[in-house]
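S.K.: would you be able to build a 3D model of this:
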Amino acid sequence: MDLPCVQWQDHVVQKWTGLDPELKERFTSLREIDDVFKCALTLTTQDNLDFLQCMSAGYSVQKDPEQAAKCRERGNSSFKIKDYRAAALHYSQGVCFAPQSSEQLSLCYANRSAALYHLQHYKESLADIDKALKNGYPSHLVYKLEDRRTQCLKHQKAKLDHHSPALKNLQGPDITKEPSVLPFTFGICPQVAVGFSTEKGRQLVAAERIAPGKVILIDRPYSCVLIPGMKEVRGQETEKGVFGTEHTRCHRCLTQTLCPVPCEGCSYSRYCSTSCQQNAWEEHHHWECPLGADLMAMGVMSQLALRVALKAGLKNIQMAKEAKEESTKSGLSCLNSDCRESSNCNPCHTNQPNPILYYGDSYLSVFHLSHHLSHHSPGMRFLCAVTVATLYLKLSKTGPPPASWDLSRHSRDTSQLPDGAEEEGGISDWSPELWPLGSAVLRHILQLRCNAQAILMLQDTGTPNSSVQSSKEIRIATAIFPTLSLLNHSCCPNTSLVFSTGDGADLSRSDLSADSDNVAEYSGTACGVTVTVRAAKAIAPGQEILHCYGPHSSRMVTQERVRLLQEQYYFLCQCEACAMQEQEEEEEEEEEDGAQNRHQWSGGQHKSGLLCSKCKAFLKKCSKDKGTGFVCIQSACGHHMSYSELSHRLQEIREDLEKAVVLMERERPDEALRLLKRIERQSGLILAETHPLQGELADTMARAYATMGDWNNAASHLERSAVAIGSQYGEDSIEMGRQLFKLAQLHFNGGARGPALSVIPKARCLLRLYCGPHCHELQELQAMEDCLRG
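M.R.: Numbering: from 1, shown residues only. Predicted coordinates:
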């Protein structure tokens with residue numbers, strides 16, 4: 001959840017409703033973040049702290065040996081049926097719940113080592129054996145671990161011996177092994193400049209022509225927070241529930257891991273390595289750990305805002321405030337986005353002291369993002385302010401602040417400490433002078449409404465052991481990216497985004513071959529999460545670099561996009577897609593007789609994808625004076641279908657489609673196929689081949705046929721699905737690229753050499769454009785092509 005839980009929202013609403021009218025008016029009139037926070041701090045009472053304490057009891061993150069034992073039992077059940085991956089995840093849950101140096105911890109480590117051994121993760125298994133022994137594994141069972149250690153070492157040696165001849169042939173006395181990956185470079189490519197306009201604030205503009213597929217910028221988040229409860233691991237569902245992102249990914253760098261390193265203080269946070277654990281502790285978790293349950297109740301945005309401020313530290317917060325004040329006095333801060341209401345103004349990139357200044361990935365870039373205080377409703381401002389004030393008071397009770405927050409120890413120079421840097425010694429308690437930390441948290445939580453970026457990853461949606469890839473994007477975390485925030489919105493963007501996590505966040509030499517000399521407002525080696533922005537089409541000199549904030553023209557109608565963008569981002573979108581579609585809709589409304597203007601309606605027909613159940617012509621929306629619903633474009637027919645009737649029939653198709661997917665997951669493809677054929681007959685009565693639901697149906701049928709080894713029928717249905725994909729997303733979209741990749745797999749598995757060789761280049765072109773030259777799909781396409789060409 002992004003906002004605090006419903007109980008806390010209701011609690012704050014009651015507090016707001018019962019507030020004295022004069023206090024309410026005073027709070028509403030405040031226009032500075034500092035004043036809003038100070039006011040909320042005076043209004044936050046012990047009752048609020050007690051309510052949070054009571055409410056957060058349902059989000060307990062304490063160590064619990066009983067829960068550890070239950071997790072170990074679930075792991076044992078999975079281990080018995082040889083589901084070693086699920087077993088490892090259950091044992092990892094036990095590791096996180098078990099108190100330090102307890103017998104339960106040693107047992108969970110020992111059992112996890114067994115699961116990892118069967119998964120052939122010998123190095124990790126050996127590490128768990130050592131941890132089990134270190135934490136007091138029962139002496140009468142130690143022989144089991146020693147036997148497993150012997151087997152792990154034996155397999156490791158066998159692997160090394162297997163690869164060593166090839167290594168020897170490659171190495172010689174005068175040959176130095178080069179790293180396969182150059183140091184990862186962050187920043188903006190030299191073909192792009194940071195610009196400024198009074199309508200949009202800061203923006204990125206092409207300084208020269210940018211070719212499709214070129215890397216425009218690479219950024220890393222200042223901070224990110226995993227979204228709990230997102231189901232990510234398929235094939236691991238049990239009667240005890242499913243594993244989510246918080247169970248399977250590092251809470252710092254988001255790397256997937258079967259054997260996380262637990263936080264020593266809570267049962268929730270876990271990491272891919274000791275390094276990530278220690279870095280997280282120093283950056284933020286030292287303070288978050290005692291507040292774990294409170295932060296879960298307060299939501300992802302509150303936690304991310306607090307994490308940004310904790311990572312920055314009080315000195316950097318104070319220096320950012322001073323820089324802004326000084327630039328305001330000098331007359332540079334002449335713009336205030338909260339005062340601007342112009343159309344297509346994406347105001348999330350202003351409130352900038354020097355409009356053109358670019359701070360790279362430093363805290364200054366985050367601090368100067370717009371907070372839109374005046375755009376938020378008084379109730380939302382109050383909710384955010386009281387939430388932050390309550391967390392600030394809770395934080396003050398967790399222990400003395402770090403030494404680096406003692407501003408009296410530092411001269412007021414202009415150099416900035418590394419974010420999170422600390423010094424020895426310091427203040428012994430929380431003093432009134434520390435309030436800027438809370439004010440910064442409030443600033444960030446308001447900023448995140450417009451500047452938070454969802455981190456998306458592909459999730460495998462296919463059945464276990466499927467020979468054809470099937471995937472969808474899921475949101476695994478929320479982050480704030482300093483450089484990515486420079487990009488303004490378009491409903492039809494000219495860029496594509498690809499996220500990488502942990503050790504996957506790297507590029508090889510050719511990714512930045514043209515950029516590596518000059519990319520660079522800042523640089524560093526790869527670590528953690530990154531986003532790579534590429535040109536999705538040719539971008540002319542002077543053209544703005546744009547990406548989509550969510551509402552995309554291929555997924556949402558114009559009216560809905562405009563509404564969502566106004567509600568969340570406070571601007572009226574007039575991008576090329578919105579302007580063109582609005583004009584088309586106005587022209588369509590002016591048409592009196594659809595039959596006389598059939599050519600004009602052809603685009604709209606195929607976009608709706610709805611058929612008249614009587615004559616099979618296309619349906620169109622009723623004009624305003626003819627009621628609601630849809631009417632046949634053939635005036636001689638005139639058949640009308642209401643919104644409620646259409647919605648009911650579409651819902652029936654969706655529900656049956658979900659049932660078929662469940663049957664496939666249960667490895668009953670023949671039953672699924674019978675149901676899918678019945679759905680196909682029903683949907684054909686009201687849906688054209690271009691309708692998205694027809695595309696989903698054809699894709700599911702292709703998966704069913706592929707599961708049964710009928711590659712020709714699978715390919716035929718996937719080609720039908722591609723028709724709907726092309727209509728909805730475009731022939732040159734990433735969605736089409738992924739569909740063609742699956743089609744190439746089907747043709748290859750079915751031995752259809754000609755069709756496979758025809759599809760592979762098309763899939764390769766689109767995947768390279770959107771995902772870069774080193775995505776694993778390209779490697780698989782190359783392997784298929786090499787095999788087919790012999």
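S.K.: only C-alpha atoms from now on, for both contacts and neighbour counts.
M.R.: Noted.
S.K.: could you pull out the helices for the stretch 551-700 of the chain?
M.R.: Secondary structure of the stretch 551-700 of the chain, counting by DSSP state H, counting those that start in this stretch: helices at 558-569, 576-590, 598-608, 643-665, 669-683, 692-707.
S.K.: and of these, who's closest to residue 374?
M.R.: Taking C-alpha to C-alpha as the criterion, residue 374 comes closest to helix 558-569 out of the helices of the stretch 551-700 of the chain, the separation being 12.6 Å.
S.K.: that closest one packs against which elements?
M.R.: Under the contact criterion of 3 or more C-alpha pairs under 8 Å, 6 or more residues apart in numbering; DSSP states H and E, helix 558-569 touches helix 435-451, helix 576-590.
S.K.: find the centremost residue of this protein, please.
M.R.: Centrality entry for the chain: nearest residue to the mean C-alpha point is residue 455, 1.9 Å, by C-alpha atoms, centre = their mean.
S.K.: OK, contacts around that one?
M.R.: Neighbour list for residue 455: 475-479, 499 [criterion: C-alpha atoms under 8 Å, 6 or more residues apart in numbering].
S.K.: so it is in which element?
M.R.: When secondary structure is defined by DSSP states H and E, residue 455 falls within strand 453-460.
S.K.: following that strand, which helix or strand shows up next?
M.R.: Later in the chain than strand 453-460, the nearest helix or strand by DSSP H and E is strand 471-480.
S.K.: how far does the helix or strand following that next one sit from the chain's center?
M.R.: Following the chain from strand 471-480 toward its C-terminal end, the next helix or strand by DSSP H and E is strand 488-489. Taking C-alpha atoms, centre = their mean, to the nearest Å, one finds strand 488-489 lying 18 Å from the centre of the chain it belongs to.
S.K.: now the angle from the helix or strand just after strand 488-489 to strand 453-460?
M.R.: Moving toward the C-terminus from strand 488-489, the first helix or strand encountered (DSSP H and E) is strand 495-500. Taking axes from the mean of the first three to the mean of the last three C-alpha atoms, to 10 degrees, one finds that strand 495-500 is oriented at 70 degrees with respect to strand 453-460.
S.K.: partners of strand 495-500 in the sheet?
M.R.: If you go by DSSP bridges, strand 495-500 pairs up with strand 530-535 (antiparallel).
S.K.: and stretch 722-729, C-alpha only, in PDB?
M.R.: Output in PDB follows, covering the C-alpha atoms of stretch 722-729 (Å, rounded to 0.1, in the frame of the first residue of the first chain):
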ATOM      1  CA  ALA A 722      -0.300 -10.800 -32.400                       C
ATOM      2  CA  VAL A 723      -3.100  -9.200 -34.400                       C
ATOM      3  CA  ALA A 724      -4.700  -7.900 -31.200                       C
ATOM      4  CA  ILE A 725      -1.300  -6.900 -29.800                       C
ATOM      5  CA  GLY A 726      -0.500  -4.900 -32.900                       C
ATOM      6  CA  SER A 727      -3.900  -3.100 -32.800                       C
ATOM      7  CA  GLN A 728      -3.600  -2.200 -29.200                       C
ATOM      8  CA  TYR A 729       0.100  -1.400 -28.700                       C
END
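S.K.: and the contacts of it?
M.R.: 554-555, 606-607, 689-692, 694-695, 731-733, 735-736, 739-740.
S.K.: just the pLDDT at the nearest residue to residue 640 once chain neighbours are set aside, thanks.
M.R.: With sequence-adjacent residues excluded and distances taken as C-alpha to C-alpha, 6 or more residues apart in numbering, residue 640 is closest to residue 631, at 4.4 Å. Looking at residue 631, its pLDDT is 88.
S.K.: which residues touch residue 631?
M.R.: Under the criterion of C-alpha under 8 Å, 6+ apart, the contact list for residue 631 reads 612, 619-622, 638-641.
S.K.: okay, and the beta partners of it?
M.R.: Beta-bridge pairing of residue 631 under DSSP bridges involves residue 620, residue 640.
S.K.: tell me the phi and psi of the residue in the chain sticking out farthest from the centre?
M.R.: Distance from the C-alpha centroid of the chain peaks at residue 636, with 49.9 Å (C-alpha atoms, centre = their mean). Geometry field for residue 636 lists phi and psi as phi -70, psi -30, criterion degrees, to the nearest 10.
S.K.: okay, now the unreliable bits of the stretch 601-750 of the chain?
M.R.: Per-residue confidence of the stretch 601-750 of the chain (counting by pLDDT under 70) places the weak regions at 601-608, 623-627.
S.K.: now with 80?
M.R.: Of all residues in the stretch 601-750 of the chain, those with pLDDT under 80 make up the ranges 601-608, 622-628.
S.K.: next: the chain.
M.R.: Applying pLDDT under 80 to the chain picks out residues 1, 159-186, 198-201, 229-242, 324-361, 399-433, 459-472, 502-528, 581-608, 622-628.
S.K.: give me the buried subset of the contacts of stretch 722-729.
M.R.: For those, a neighbour count by 16 or more other C-alpha atoms under 10 Å gives the buried set as 554, 606-607, 689-692, 694-695, 732-733, 735-736, 739-740.
S.K.: returning to that earlier point: residues contacting the residue nearest to the residue nearest to the centre of the chain when sequence neighbours are not counted?
M.R.: The spatially closest residue to residue 455, leaving aside those adjacent along the chain, is residue 477, at 5.2 Å (C-alpha to C-alpha, 6+ apart). Applying C-alpha under 8 Å, 6+ apart, we find residue 477 in contact with 224-227, 454-456.
S.K.: between those, which is nearest residue 188?
M.R.: Within these, the smallest distance to residue 188 is 19.7 Å, found for residue 455 (C-alpha to C-alpha).
S.K.: that closest one and residue 442, how far apart?
M.R.: Remark: distance between residue 455 and residue 442 (C-alpha to C-alpha, to the nearest Å) = 22 Å.
S.K.: may I see the ChimeraX selection of the buried members of the contacts of residue 455?
M.R.: If you want just the buried ones from the contacts of residue 455 in ChimeraX, going by 16+ other C-alpha under 10 Å, the selection is:
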select :475,476,477,478,479,499
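S.K.: got CSV for the contacts of residue 455, with distance to residue 144 too?
M.R.: Supplementary listing: those in CSV, determined by distance: C-alpha to C-alpha, whole Å:
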residue, distance to residue 144
475, 41
476, 38
477, 40
478, 43
479, 44
499, 42
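S.K.: still on that earlier bit, and the contacts of residue 631, which two are furthest apart?
M.R.: Checking the contacts of residue 631 against each other with C-alpha to C-alpha, the farthest-apart pair comes out as 612 and 622, at 13.3 Å.
S.K.: quick one, which of the two is more surrounded?
M.R.: Neighbour tally, residue 612 and residue 622, criterion other C-alpha atoms under 10 Å: the higher count belongs to residue 612, 24 against 18.
S.K.: my guess is the more buried one contacts residue 639. True?
M.R.: Yes. Counting by C-alpha atoms under 8 Å, a contact exists between residue 612 and residue 639, whose distance comes to 7.0 Å.
S.K.: find residues that contact each of these two.
M.R.: In contact with both residue 612 and residue 639: 631-632, using C-alpha under 8 Å, 6+ apart.
S.K.: surely residue 451 meets residue 480?
M.R.: Yes. Between residue 451 and residue 480 a contact is recorded at 6.5 Å, counting by C-alpha under 8 Å.
S.K.: of the contacts of residue 631 - the most surrounded one?
M.R.: residue 619 leads the contacts of residue 631 on contacts (other C-alpha under 10 Å) with 27 neighbours.
S.K.: which residue sits closest to it, ignoring its sequence neighbours?
M.R.: Counting by C-alpha to C-alpha, 6+ apart, residue 632 is the residue found nearest to residue 619 once chain neighbours are left out, at 4.5 Å.
S.K.: would you agree the one you found is in contact with residue 622?
M.R.: No. With contact taken as C-alpha under 8 Å, residue 632 and residue 622 are classed as non-touching, separated by 9.1 Å.
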